[in-house]
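1. below are the sequence and a predicted model for it; my questions follow.
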Amino acid sequence: MSDKITTFEDLECWQACRRLRIFVAKKVVPTFPKEERYSLSSQILRSARSTTANIAEGYGRFHYLDNAKFCSNARGSCFETIDHLITANGEDMVSPEMLSEGRELANEASRILNGYIKYLRKQASSPDNQ
């Protein structure tokens with residue numbers, strides 16, 4: 001990744017959330033039984049997709065605190081995705097290994113989001129940006 005950020009796709013947090021989203025869409029949901037298509041499948045896809053969508057929306061606000069709020073929402077969606085994975089594991093739809101992999105991806109994305117949120121809040125309080 002280059003040091004220059006020209007689009008939300010350049011953000012490390014968006015890239016980490018994208019990895020989570022792709023994991024859910026390509027590895028997790030296909031393991032679910034067909035009868036879960038409109039239940040847990042739909043919910044976990046929405047939460048995983050919400051991670052990147054919130055980062056993109058916040059980036060487009062062009063205001064540090066608005067951006068931080070949407071990144072906070074993305075972080076919440078990471079944890080919601082973990083909860084859905086826990087549910088799927090508890091109902092024998094995903095293996096403990098798949099739960100572990102999803103948990104690692106979501107926690108990594110959350111960790112990176114925490115750093116970005118901290119940066120955004122610091123920028124918002126900077127006298128140069130007032």
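-> Ah, there it is.

2. so how far is stretch 85-105 from its chain's centroid?
-> 16 Å (CA atoms, centre = their mean, to the nearest Å).

3. name the residues of the longest helix along the chain that are buried.
-> When the chain is parsed with DSSP state H, its longest helix is helix 96-125. Residues 98-99, 101-103, 105-106, 108-110, 112-113, 116-117, 120 are the ones in helix 96-125 that count as buried (16 or more other CB atoms under 10 Å). Bear in mind the C-beta positions are built from the backbone N, C-alpha and C, glycine included.

4. just give me the neighbour total for residue 35.
-> For residue 35, the neighbour count with other CB atoms under 10 Å is 9.

5. which non-adjacent residue is nearest residue 12?
-> Excluding the flanking residues, the one nearest residue 12 by CB to CB, 6 or more residues apart in numbering is residue 112, at 5.4 Å.

6. so where do the helices sit in the protein?
-> Using DSSP H, helices in the chain cover 12-23, 40-59, 64-90, 96-125.

7. export the ones you listed to TSV and tack on mean pLDDT?
-> Compiled in TSV, these are given as follows (pLDDT from 0 to 100):
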stretch	mean pLDDT
helix 12-23	98
helix 40-59	98
helix 64-90	98
helix 96-125	97
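
8. to residue 30, which of those helices lies closest?
-> helix 40-59 (9.3 Å; CB to CB).

9. so what secondary structure elements neighbour that closest one?
-> Judged by 3 or more CB pairs under 8 Å, 6 or more residues apart in numbering; DSSP states H and E, helix 40-59 is in contact with helix 12-23, helix 64-90.

10. report the buried residues of the shortest one.
-> Counting neighbours by 16+ other CB under 10 Å, one finds that the buried residues in helix 12-23 are 13-21, 23.

11. what's the answer for the last one, then?
-> Residues 64, 66-78, 80-82, 84-85, 88-89 are the ones in helix 64-90 that count as buried (16+ other CB under 10 Å).
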